[in-house]
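A.B. asks: no FASTA, just this:
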């Protein structure tokens with residue numbers, strides 16, 4: 001199975017590719033938006049700042065191409081960390097008087113990305129480290145063979161708040177409830193890094209790739 005890892009100018013691609021190889025997939029670094037259709041599934045990584053990642057997607061022609069590929073052709077997509085946040089309508093990172101509605105995302109899963117502090121978190125930020133997750137949608141296969149309470153590795157200061165609770169697959173607690181995974185149709189996202197989450201992360205990747213959507 002060929003899994004396109006979107007190389008739009010952010011880091012962390014090597015660890016994603018190694019994790020995919022570890023679950024017997026064939027990762028392909030896709031550095032041109034027009035080449036996405038050559039793969040069975042897509043992974044959208046993201047590290048750092050929502051604004052910067054969204055800008056790179058826009059400038060590289062990825063925004064419209066992703067909408068065509070995912071919404072038009074039904075290509076399965078997994079967003080990771082900021083890649084999950086980019087699935088939202090908008091991110092509030094960097095929002096101010098001149099941009100009160102934040103920065104536009106892909107809009108695949110309705111919702112906004114909010115600062116953890118605005119969600120009630122009073123713990124040290126960014127949230128870096130291992131936190132246990134609670135599966136909110138046991139019938140979805142993304143967490144098959146992953147027990148409730150399993151730890152995953154997080155690095156973030158912002159969190160996705162979907163408009164519909166039905167789009168939330170899993171949550172974690174970091175001084176406030178935090179969305180850990182989302183799904184709408186054939187679009188998934190994880191706030192944690194599966195490629196850095198040991199055996200549990202490998203199982204999540206394996207489940208994504210084993211689903212009928214791929």
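C.D. replies: Alright, I've got the coordinates. What you are looking at is a predicted structure, and each value in this text was computed from that prediction instead of being measured. Numbering: from 1, shown residues only.
A.B. asks: so where's the chain shaky on pLDDT?
C.D. replies: Residues of the chain meeting the criterion pLDDT under 70: 96, 212-214.
A.B. asks: Name the residues linked to the nearest residue to residue 30 once chain neighbours are set aside by a beta bridge.
C.D. replies: Counting by Cβ to Cβ, 6 or more residues apart in numbering, residue 30 lies nearest to residue 4, which is 4.3 Å off, once chain neighbours are set aside. All C-beta spots, glycine's among them, are computed from the backbone N, C-alpha and C. Beta bridges link residue 4 to residue 28, residue 42 when assigned by DSSP bridges.
A.B. asks: close enough to count as contact, residue 4 and residue 33?
C.D. replies: No. Contact criterion Cβ atoms under 8 Å: residue 4 and residue 33 do not qualify, at 10.5 Å.
A.B. asks: out of these two, which sits in the more crowded spot?
C.D. replies: residue 4 (22 against 19; other Cβ atoms under 10 Å).
A.B. asks: separation between the more buried one and residue 44?
C.D. replies: Distance, residue 4 to residue 44, using Cβ to Cβ, to the nearest Å: 9 Å.
A.B. asks: Ok, residue 118 next?
C.D. replies: Separation of residue 118 from residue 44 (Cβ to Cβ) stands at 25 Å.
A.B. asks: repeat for residue 150
C.D. replies: Distance, residue 150 to residue 44, using Cβ to Cβ: 23 Å.
A.B. asks: Of these two, give the one with the bigger neighbour count.
C.D. replies: Neighbour count, other Cβ under 10 Å: between residue 150 and residue 44, residue 44 has more, with 28 against 22.
A.B. asks: Check what contacts the longest helix along the chain and list those residues.
C.D. replies: As assigned by DSSP state H, the longest helix anywhere in the chain is helix 198-210. With contacts defined as Cβ atoms under 8 Å, 6 or more residues apart in numbering, helix 198-210 is touched by 1, 3, 19-20, 22-23, 25, 41, 76, 78, 141-146, 150-153, 188, 190, 192-195, 197, 214.
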